[in-house]
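S.K.: Next come a sequence and a model predicted from it.
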Amino acid sequence: MSSARREAGLLPARPDPARARERVLVGLALPALLLLGVVFVWPLLRLLSMSVADGSLAQFEKATLDELYVAVLWDSMEIAALVTVICLALAYPVAAWLVQAGRIGFLLGMFFLLLPFWTSVLVRTYAWMVLLGRNGVVNRTLRDWGWIEFPLPLLHNLTGVLIGIVHVMLPYMVFPIYAALLRIDPDLQRAAEGLGAPAWRSFLRIILPLSLPGVFAGCALVFVITLGFFITPALLGGGHVMMIAMLIEQQVREFLDWPFAAALATVLLAATLVIYAALSRLTGGQGHAAR
Amino acid sequence: MDLTVRGAVKRFGAVTALAGVDLDVAEGELLTILGPSGSGKTTLLKVVAGFEVPDEGSVQLGSVDVTLAPPRARDVGMVFQNYALFPHLTVAQNVAFPLEMRRVPKAERQSRVAEALALVELSGYEARLPRQLSGGQQQRVALARSIVFNPRLLLLDEPFGALDRKLREAMQLEVRRLQRRLKLTTLFITHDQEEALILSDRIAVMNAGRLEQVGTPSEVYARPATRFVADFVGESNLFDGIAGPDATAEVPGLGRLFLAAQAGTPGARVTLLLRPEALRIGGAADPLANRAAGQVVETVFLGLSVKLRIQPEGGPELLVRLPLRPSEPPPALEGEIVTVGFAPEDVHVIRQA
């Protein structure tokens, strides 16, 4: 009754604490949003406009139809997919171990994960060059042990690039999976065991499905970030591996072809968004089930 | 199937959770492990379920020693405190889980799931997810899941704690009915003495890793073996005294009390238990052999009854519980001096070790 009269302007409006809180929060978030708008969204729009500056879609035609460039995009996706799969295979056991590890084990595991995480990618990439070269630590050790006769080709090829990127991306896979596993009530595992499930069956039927949101989140992160990788493939690939970020850089630096570089960047962004949207749909479908 | 625990000891570092527990649960019996938190009752449950291996002692189901058997090999159904329903599986899939693990053919699985859900009155909820159910319904699902495979033993780990009072009482009776109907040997863990008294065939009172007493609810209530049991189960007046000659005992502040039988060799230290409902006040106290005068310190109205705290001069405070009809006025007012009395046969003697 009184609320109807208030809406009709017959009673003074009462302060609404929820609305007031919302206004304060918007105010606090504004600086960061402005910064992103000025240094990210605006340049991004400029980039987009640059790719269609001549009023035609010719640049996009070249970027999406010319076999040479499409091949680079496909290679990038293939590498990103390979890295994602390798990271997943390596990271899941680590995450599972971290969840049940004691204090010391947990700290140790975190240390091993975070130390490289906090080290510059450039430094790590150069370190890999030292390790993986023809006369690098890895090849020399294997030869000293008599396991191999000739040095393995570990650098300046796909293998080197994969090793380098996987190393950088591993924490991005471990942490989301770890977080998902941590949310699973340990009693569920016990319940499954008590109801007659051997460890592998309770894993497949209970733990794995419940950790899928973390798996998807990790995969999305790793895939998307890898797709735009530049330093690692440039240095460890030795010119034999071309990823799309390198192609864009080449167009800008060597050919000064800004419109085409802009078109390539837009294609990369679009591909990234599509894949991300697809993966988060999967995640969204599972996200509720985990809770 | 009957359960036998012999000399179970379990230590966690410096903490001894089980300090030598012997327990027999007969086939079809519902035995409650009652104890405060930290008494070791959960550890005992885990040892029986197979989640912990005891450092010493053995666990037997029927004639089979299962001390070292993994949980999945024990055929024990368990309802967890938080139900531990699989959140991504439907009600039917949850209940079917133990059958699936036992490779029961699909058709039989379906009929047994339907049967179990009918038992807990949840037919029609097959396709729901656990989070779409109320607390009480979730508990029924957990119960159905733990009995659907005809377990040799049912374990209930404080399953009613999360429910509100009315629902809790309804579920308690339902579990009891189901357990009797299926003749399931059941081990029930709780810290709620009222719940233990309502549900159990027998109660094992646990404290500091040991069983203090195992007996029927009325035995445990009326004739507690130790001071701890007397104090933990129900409300009590406990007095330390000295056994006197001819069925009497001397209690500081109350003087000589008359008992129904000899308390022990004269001069021995004894603990006397007097339940609050055994006491009478005013005229009703006059014919009783043990009497004292005291001031009413507090009255608490409880609906069915009224609780009084009465302080005899120089003696221990007495807790009195008197039945109350709705039309009756309160039996005494705060500050009033009243006579309080009790009969010799209502005093239970706990001999001190």
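M.R.: Received it, and whenever you're ready, just let me know what you need.
S.K.: which secondary element of chain A has the worst mean pLDDT?
M.R.: Counting by mean pLDDT, DSSP states H and E, chain A has its least confident helix or strand at helix A:2-7, which shows a mean of 60.
S.K.: Got the phi and psi for residue 58?
M.R.: No chain was given, so I picked chain A. Main-chain dihedrals, A:Ala58, degrees, to the nearest 10: phi -60, psi -40.
S.K.: try again with chain B
M.R.: Dihedral angles (degrees, to the nearest 10) for B:Ser58: phi -140, psi 160.
S.K.: B:Ala84: how many residues sit nearby?
M.R.: A count of nearby residues for B:Ala84, using other Cβ atoms under 10 Å in any protein chain shown, gives 25. (C-beta placed from N, C-alpha, C; glycine too.)
S.K.: mind checking pLDDT for A:Ala20?
M.R.: On pLDDT, A:Ala20 comes in at 86.
S.K.: low pLDDT regions in the stretch 101-250 of chain A?
M.R.: Applying pLDDT under 70 to the stretch 101-250 of chain A picks out no residues at all.
S.K.: Run through the helices of it in chain order.
M.R.: A:103-118, A:121-132, A:137-144, A:158-182, A:186-194, A:199-202, A:208-227, A:231-237, A:244-253 (DSSP state H, counting those that start in this stretch).
S.K.: need the ones you listed in CSV with mean neighbour count, can you?
M.R.: Output for these, formatted as CSV (neighbours: other Cβ atoms under 10 Å in any protein chain shown):
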stretch, mean neighbour count
helix A:103-118, 12
helix A:121-132, 16
helix A:137-144, 14
helix A:158-182, 22
helix A:186-194, 21
helix A:199-202, 15
helix A:208-227, 23
helix A:231-237, 22
helix A:244-253, 19
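S.K.: Tell me which of those sits nearest to B:Ala73.
M.R.: In terms of Cβ to Cβ, the element of those nearest to B:Ala73 is helix A:186-194, at 9.9 Å.
S.K.: still on that earlier bit, quick one: the helices of the stretch 101-250 of chain A as a markdown table, columns for distance to chain B too.
M.R.: As requested, these are exported to a markdown table (distance: least, Cβ to the nearest Cβ, whole Å):
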| stretch | distance to chain B |
| --- | --- |
| helix A:103-118 | 14 |
| helix A:121-132 | 37 |
| helix A:137-144 | 41 |
| helix A:158-182 | 12 |
| helix A:186-194 | 4 |
| helix A:199-202 | 6 |
| helix A:208-227 | 5 |
| helix A:231-237 | 37 |
| helix A:244-253 | 37 |
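S.K.: What residues does chain B have near chain A?
M.R.: B:49-51, B:70-72, B:74-78, B:80-82, B:84, B:86-88, B:97-98, B:100-102, B:129, B:131, B:145-146, B:149 (Cβ under 8 Å from any Cβ of the partner chain).
S.K.: Tell me which of those fall in helices.
M.R.: Among those, DSSP state H puts B:Ala49, B:Phe97, B:Pro98, B:Glu100, B:Met101, B:Arg145, B:Ser146 in helices.
S.K.: Greatest separation within those: which pair is it?
M.R.: Taking Cβ to Cβ as the measure, these have their most distant pair in B:Ala49 and B:Glu100, spaced 19.9 Å apart.
S.K.: between those two, who's got more neighbours?
M.R.: B:Ala49 (21 against 16).
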